[in-house]
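>>> next one to model:
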Amino acid sequence: MTSAEARLHLRYSAWASRKLVEAARSVSNADFEKPVGISHSSLLGTLSHILWADWLWFTRVVGPMEKPGQTREVLETVWPELQDKWVSWAERASDTEINRVVEYISILDGQMARTPAWQIVLHVVNHATLHRGQVMGMLRQMGIAPPHTDLMNFYRELG
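Prediction:
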C-alpha cells in the first residue's frame, strides 16, 4: 500500500462514517441509546465502538490522544477531528512510514504484536465498514433510509 492509497481509504472511511452520524441526527436520544440486539447494543454503542477502534489504532500508529467519550456530541465533534488527524498523518507519511512495523500490546490476548502500519490502516477502514453496515440495519429498523456509503459512491463523488 502506498501513502496515497492510505489517504484515499482513510478519507473514504471518514466520509462514510460522517454520513451515518448525519443520518442518525434525526433519531431521538431515547432511540439512539435503545438496545436493539445488534452489534454493540445500540446506535450510540456501535458508532462509539467504531470511534473507539479508530482512536485505539491511531494511538498505536501515530501517538497519544485523549480517549474519547461515548456521547452523540463526541461522535459529531471529536470523531471528525480524529478522522482528520488520520488523514493528515497519511498525507505526511512516506511509503516507508506506511510500511513501518508498529509494536503494541494486543487487547485480545495481552501479548506483544507487530503489524505494518498499512495493514492497520486497512483494518481501521474494514472494521468501520463492518460496523457501519450494522448501523445501517439499525436505522432501517427505525424506519430511516440510511445514506449510500459504498466505496463506489465515494469514488464517484471524487469524480
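>>> what are the buried residues along stretch 55-74?
55, 57-58, 60-62, 68, 72, 74 (16 or more other CB atoms under 10 Å). C-beta: built from backbone N, CA, C; applies to glycine.
>>> let me fix that: stretch 135-153
Quick answer for stretch 135-153 (16+ other CB under 10 Å): 135-136, 138-139, 142, 146, 149.
>>> quick one: terminal-to-terminal distance for it?
With CA to CA, to the nearest Å as the measure, the ends of stretch 135-153 fall 18 Å from one another.
>>> closest to Val124 out of the buried residues of stretch 135-153?
Thr149 (15.5 Å; CB to CB).
>>> check contacts around that closest one.
15-16, 19-20, 132, 136 (CB atoms under 8 Å, 6 or more residues apart in numbering).
>>> spatially, which two of the buried residues of stretch 135-153 are the most separated?
Longest span within these, CB to CB: Met142 and Thr149, 16.9 Å.
>>> would you confirm that Ser48 contacts Glu76?
No: under the criterion of CB atoms under 8 Å, Ser48 makes no contact with Glu76, lying 11.9 Å away.
>>> more neighbours: which of the two?
Higher neighbour count among Ser48 and Glu76: Ser48, with 21 against 14, using other CB atoms under 10 Å.
>>> can you pull the pLDDT of Leu8?
What the model reports as pLDDT for Leu8 is 97.
>>> likewise Ser39?
Looking at Ser39, its pLDDT stands at 90.
>>> assign it to helix, strand or coil.
coil (DSSP: H, G, I helix; E, B strand; the rest coil).
>>> and for the helix ranked longest in the chain, what's in contact with it?
The single longest helix within the chain, with elements called by DSSP state H, is helix 117-141. With contacts defined as CB under 8 Å, 6+ apart, helix 117-141 is touched by 1, 6, 9-10, 12-13, 16-17, 20, 23-24, 27, 36, 38-40, 42-43, 46-47, 49-50, 53-54, 57, 60-61, 86, 90, 93, 97-102, 145-146, 149.
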